[in-house]
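Engineer: Give me the fold of what follows.
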Amino acid sequence: MSDYHYDRFTSQAYDLDSFEGPEPGDKAPDGMVTLTNGETRQLLDFTGDFLVLELGSITCPLFQSRRNGMAVQVAGNPDVDFAVLYVREAHPGSSISQHKDFADKQGMAMKLQVEDGETRPILIDDMQGSVHKAYGSYPNSVFIINRGGCVVYRSDWNNPAATAKALARLKSGRAAGGQGLFLPAKPPLAIRVLRRAGGDAVKDFLKDLPKLIWKNAIKRNLRTMLGRKAGIQPDHSC
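Structural biologist: Here you go, the predicted model:
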């Protein structure tokens, strides 16, 4: 099992001080992905005015806590494409382990679709995490991509309210503005998601919780508030 497919969560699996994914204004990485029905397509093969791409997995409390907010956006923006890029399991445990092969990964994506009721298209990355790595390797980032294939908004951690505001600005012809603040998942939901993965997933998360709070809720949010940049125009060409 490679380092990418860690069997036990640790915050050391992520560089929480430096996000390496594409910035607003950059060309959005493309790549081959697989749908839950087995069909393949290019990631950037979309027809809406924009693509709102959220990264997630079934064991990620942050992703699971954002889904209702993102569903509201899907309903309110029929002219925009939304999709989930299914990546490695954020918090593998004894009940839901890290993917052993692609069939296992596809099965988890189908569980998200069937059992959890995710209605957005689920785009499954390959076992090497090729697309995930190209988009920064974080577990719950979000990107808005224009028809020219340019990133016009990104947040290393998805904040649905900030994403909705950014999308509204882009649709009105204005720059999206800076990324949203990090918001933790509510404890009852977080524990429910982690228990579903397994008791060891809960222990791994709680062990690193102080570091996660410092790195994300405090240090990262301070950087975000103090370092806001001018946004990228919706018709930006890259």
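
Engineer: all contacts plus neighbour counts: C-alpha atoms, from now on.
Structural biologist: Fine.

Engineer: Residue 235 - that's part of a strand, no?
Structural biologist: No: per DSSP: H, G, I helix; E, B strand; the rest coil, residue 235 lies outside any strand segment and is coil.

Engineer: Contact partners for it?
Structural biologist: 146, 148 (Cα atoms under 8 Å, 6 or more residues apart in numbering).

Engineer: now swap in residue 229 and tell me
Structural biologist: By Cα under 8 Å, 6+ apart, the contact list for residue 229 reads 177, 178.

Engineer: can you map out the helices along this protein?
Structural biologist: With helices called from DSSP state H, the chain shows them at 61-76, 102-114, 130-134, 160-171, 187-197, 199-212, 221-226.

Engineer: residues in contact with the third one?
Structural biologist: What it means is helix 130-134. Taking contacts as Cα under 8 Å, 6+ apart, the residues outside helix 130-134 that touch it are 21, 22, 29, 30, 31, 55, 85, 87, 125, 138.

Engineer: Buried only: go through the residues you listed for me.
Structural biologist: 21, 22, 29, 31, 55, 85, 87, 125, 138 (16 or more other Cα atoms under 10 Å).

Engineer: which residues touch residue 208?
Structural biologist: By Cα under 8 Å, 6+ apart, the contact set of residue 208 is 10, 11.

Engineer: closest one to residue 144 among the helices of the chain?
Structural biologist: Across the helices of the chain, residue 144 has its closest neighbour in helix 160-171 (7.6 Å, Cα to Cα).

Engineer: how about low-confidence regions in this structure?
Structural biologist: Under the criterion pLDDT under 70, the flagged ranges of the chain are 1-2.

Engineer: Quick check, central residue of it?
Structural biologist: For the chain, the residue nearest the mean C-alpha position is residue 55 (2.2 Å; Cα atoms, centre = their mean).

Engineer: so that one touches residue 82, yeah?
Structural biologist: No: Residue 55 is beyond contact range of residue 82, at 11.2 Å (criterion: Cα atoms under 8 Å).

Engineer: returning to that earlier point: any chance of the helices of the chain in JSON lines with distance to residue 144 as columns?
Structural biologist: Below are those laid out as JSON lines (distance: least, Cα to Cα, whole Å):
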{"stretch": "helix 61-76", "distance to residue 144": "13"}
{"stretch": "helix 102-114", "distance to residue 144": "22"}
{"stretch": "helix 130-134", "distance to residue 144": "15"}
{"stretch": "helix 160-171", "distance to residue 144": "8"}
{"stretch": "helix 187-197", "distance to residue 144": "26"}
{"stretch": "helix 199-212", "distance to residue 144": "26"}
{"stretch": "helix 221-226", "distance to residue 144": "18"}
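
Engineer: I'm done for today, thanks for sticking with me.
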